[in-house]
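Colleague: just the structure for this:
(2 chains)
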2 protein chains.
Amino acid sequence: FYFVFYLLPAMDGDTKTMTFLQEVVDILLAYIVESFDRETKVVDFHYPNELLQMNNWELQDEPATLDDILISCRATLKYAIKTAHPRYFNQLSTGLDMVGLAADWLTSTANTNMFTYEVAPVFVLLEYVTLKKMREIIGWSDGRGDGIFSPGGAISNMYAMLLARFKMFPEVKEKGMSSVPRLAAFTSEHSHFSIKKGAAALGIGTESVICIKADESGKLIPADLERRILEAKQKGFVPFFVSATAGTTVYGAFDPLIAISDICKKYNVWMHVDGAWGGSLLMSRRHRWKLDGVERANSVTWNPHKMMSVPLQCSALLVREEGLMQNCNQMHACYLFQQDKHYDLSYDTGDKALQCGRHVDIFKLWLMWRAKGTIGFEAQIDKCLELSEYLYNKIKDREGYEMVFDGKPQHTNVCFWYLPPGIRYMEDKEERKKHLHKVAPVIKARMMEYGTTMVSYQPQGDKVNFFRMVISNPAATFEDIDFLIEEIERLGQDL
Amino acid sequence: FYFVFYLLPAMDGDTKTMTFLQEVVDILLAYIVESFDRETKVVDFHYPNELLQMNNWELQDEPATLDDILISCRATLKYAIKTAHPRYFNQLSTGLDMVGLAADWLTSTANTNMFTYEVAPVFVLLEYVTLKKMREIIGWSDGRGDGIFSPGGAISNMYAMLLARFKMFPEVKEKGMSSVPRLAAFTSEHSHFSIKKGAAALGIGTESVICIKADESGKLIPADLERRILEAKQKGFVPFFVSATAGTTVYGAFDPLIAISDICKKYNVWMHVDGAWGGSLLMSRRHRWKLDGVERANSVTWNPHKMMSVPLQCSALLVREEGLMQNCNQMHACYLFQQDKHYDLSYDTGDKALQCGRHVDIFKLWLMWRAKGTIGFEAQIDKCLELSEYLYNKIKDREGYEMVFDGKPQHTNVCFWYLPPGIRYMEDKEERKKHLHKVAPVIKARMMEYGTTMVSYQPQGDKVNFFRMVISNPAATFEDIDFLIEEIERLGQDL
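Modeller: So this is what the prediction gives:
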């Protein structure tokens, strides 16, 4: 077989198609096995300008041969980050689940769209079944409520804000913000930046997102929330939305949901829980207490593509009130949502979202859930938390390490500074800080150049660059944690 | 192998993993071959309540065996819509490209995220290369400008509206709509509902989206646009956004872009072209004149997942002004977009979008482009237009058919009524209309029950339900068009 034109739907294209796809699959299977091998690099790093020159990436007028296509596949994987690698810790989403992957391959093959039952009957039902199960786990009685899978936590959070505004001022849909008083939203200073992005997009404005103080460990301080709500009211703003975070991005902190829900109730404000990162702890009998009070929320973001290792993307917004999403977002497009169809139209869920076409994100979560059972997810999550506790215990008193905040982490985030010997005993505090700020970026750059592991770093407030280790990778073991520490020391000792 | 726990990353999981994934692939390969077979049904249709009972779809606490997982995969595909089937015409996105599919399988296997070069080096570069190529094709000199892939045309259109507002009133990002005068957006009455959804979400309000009259064939009337802009200004609104449609959803009409651009220039309004459906005609030397003037637009939505048959989802927003997307949407999250990284930070494109995590949608388009070349896409698009012309010629004078609008369709949309013999000669026009309204839904329901083909229908304005045939499926042939007509007559003759 030489060209794509010989494959299906070409006449007699069956055999050539099977051969071609099997060749691709063989490449993928080899990549998968390699990705889990600790002898393999996490990344074969090259700078953008180098990488642009390492292969011919340009698009041409003329077709390439299928052999060239296979070469392109190999080249793409050669320079890709091995996100399944047991020592890849760089993001909140790591690892590669084999059943999730199989499900994603099936999803691509089915190549359909979530807008109606008509074109995605099974997937629409599986979304229905799964969302109900997730609401039961949140604690809403009989799993009642509403929800949708959206393209990521940022969009889920924006949907929540949109719903909160619509609930209080339904006329905003037709008349816009000019019909609405000045609104104020509240979230912790440690919350995810998508809350501000959402407010900017929705025409509320970032200045109307009031950042509430967090305590030393990153939890929102309820007293400060109440104070700022009162202050906003006095200034003539209408508080409409509080976004509590269950698992902050950097510290992994859980805001105190019960205290926050009392305040939301008192001032009649929509309570959202951004559990993009921490929501999955609801699956663990040992850790779900960290989200106590989540059942009082009006809406919850929960990204199975993070802590549950579902392949990207898989984010759910769960909503307590039924029907609100439909009312808020529907536009009744008559070419999609015909009212004279022959089946139960409540399964045409597409008009609940801002999207028109919507990618099928449900099947991988559903199939993984079947394969593991709830207890399998629980075991996977508990193990990641165990690993992070191991890391914390290992470094909290170790020479050359300082923890960014005291106490055992609540999630798998372990935030710490590594101090190379050269600055460990520096007396001038300012000088030391200046040096320390440069340590993590250099170690990270070296990690990538050696390709041995990847972990994230960042500054926060007045704290200079520190490592944020997170563990969501089911492939990681105690030995990999040991390796990480040894590697940081190896790469950083001369700094 | 019995359980997921025996697969990678389990010790010695390599062989079991390869066996399991190969079993899934075998199921998928069989499904693919079957999907292209005209002897196979497009759909094995069941009503939602039936389908819920045809399999055990519930999620359990306990894990299922891998055999059960394979059974679930087979069941899911059994009841799925065969969107690759040569007689599936239901949506603007149809067909299944083998290279696109292979690329999507690779994307799932790479399982990474578009937010930074750090975690998606190759995909970020391929997005850069492809967006540049698309801008060249639009006609922006040297392919300059900006852009991003977003989760669908509705979001791309919303991004365009967001940019237009920010360009005129940058303070809206911080201060919200209360800092901005009443805005007005303009789009054809035939435009896609996402324009109104976007306006509702952005706090502009659906009433501020002014629907411009379209002519009989569905094209926006420029004189009416100018009149309504003046009217809005007189009422104190600030016109900020015109969305012209290149390929309307139902009629496939192309708005006159040059005339519209003159008006946008005169009144200093952002010109957006929603080419989600019709943008791909830019790839065809024979048809790209339909978008003459597109190079004058400030932004263009173009969905390769529609007319170019790239697997779902693949939608691009192209923007003429560089840097605007970044300024409009960035929030500088310090845990992702560190400014002290060791590589060229212009490749960290994630902050241009509202999303935080962003699915890799680029690889399937890029790989298909390599495999077909620009001329391959052109041939594929030209063939679909030829088929629709064939259909139009076949039915325009055929007994029992009425065209919804006169003249050759501009895109592959062919809109028509089929009149069963029983109502063909009804004298009472109102009575006839009432009957006719019910014909398409019944034929469609029968199509689905027999599973032989799928085509969409809808009413529009005062026009009762009609069929909207669209052809984007590269597997379709002249014989399939003949079949569709015969099938409509077979299923509808008794009505």
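Colleague: buried ones in the top helix by length along chain A?
Modeller: Longest helix of chain A, by residue count under DSSP state H: helix A:362-395. Buried residues in helix A:362-395, counted by 16 or more other C-beta atoms under 10 Å in any protein chain shown: A:362-374, A:376-382, A:384-385, A:387-388, A:390-392, A:394-395. The C-beta positions use only the backbone N, C-alpha and C, and glycine is treated the same way.
Colleague: near chain B too, which of those?
Modeller: A:363, A:366, A:367, A:368, A:369, A:370, A:371, A:372, A:373, A:374, A:376 (C-beta under 8 Å from any C-beta of the partner chain).
Colleague: ok, the second one - contacts?
Modeller: So that's residue A:366. By C-beta atoms under 8 Å, 6 or more residues apart in numbering or on different chains, the residues touching residue A:366 are A:103, A:126, A:129, A:130, B:57, B:59.
Colleague: quick check, distance from the stretch of helix or strand residue A:318 belongs to to the centre of its chain.
Modeller: Following DSSP states H and E, one finds residue A:318 within strand A:315-319. Its chain's C-alpha centre and that of strand A:315-319 lie 12 Å apart, by C-alpha atoms, centre = their mean, to the nearest Å.
Colleague: before we move on, what about stretch A:402-410?
Modeller: The answer for stretch A:402-410 is 23 Å, by C-alpha atoms, centre = their mean.
Colleague: tell me the buried residues in the helix or strand following the longest helix of chain A?
Modeller: Where DSSP H and E defines the elements, the next helix or strand beyond helix A:362-395 is strand A:401-403. Residues A:401, A:403 are the ones in strand A:401-403 that count as buried (16+ other C-beta under 10 Å).
Colleague: and strand A:401-403, which strands flank it?
Modeller: strand A:414-418 (antiparallel) (DSSP bridges).
Colleague: now the strand it pairs with and helix A:362-395, what's the angle there?
Modeller: Relative orientation of strand A:414-418 versus helix A:362-395 (axes from the mean of the first three to the mean of the last three C-alpha atoms, to 10 degrees): 40 degrees.
Colleague: strands of chain A, residue ranges please.
Modeller: Applying DSSP state E to chain A gives strands spanning A:88-89, A:146-150, A:183-188, A:209-212, A:238-245, A:270-275, A:299-302, A:315-319, A:401-403, A:414-418, A:454-460, A:463-469.
Colleague: sorry, back to before: from the contact counts, what lies against the strand holding residue A:318?
Modeller: Judged by 3 or more C-beta pairs under 8 Å, 6 or more residues apart in numbering or on different chains; DSSP states H and E, strand A:315-319 is in contact with helix A:121-138, strand A:146-150, helix A:153-168, strand A:299-302.
Colleague: out of the ones you listed, deepest packed?
Modeller: Most buried of the helices and strands packed on strand A:315-319, by mean neighbour count (mean count of other C-beta atoms under 10 Å in any protein chain shown): strand A:299-302, with a mean of 30.
Colleague: report all helices and strands that that one contacts.
Modeller: Using 3+ C-beta pairs under 8 Å, 6+ apart, strand A:299-302 sits against helix A:153-168, strand A:270-275, strand A:315-319.
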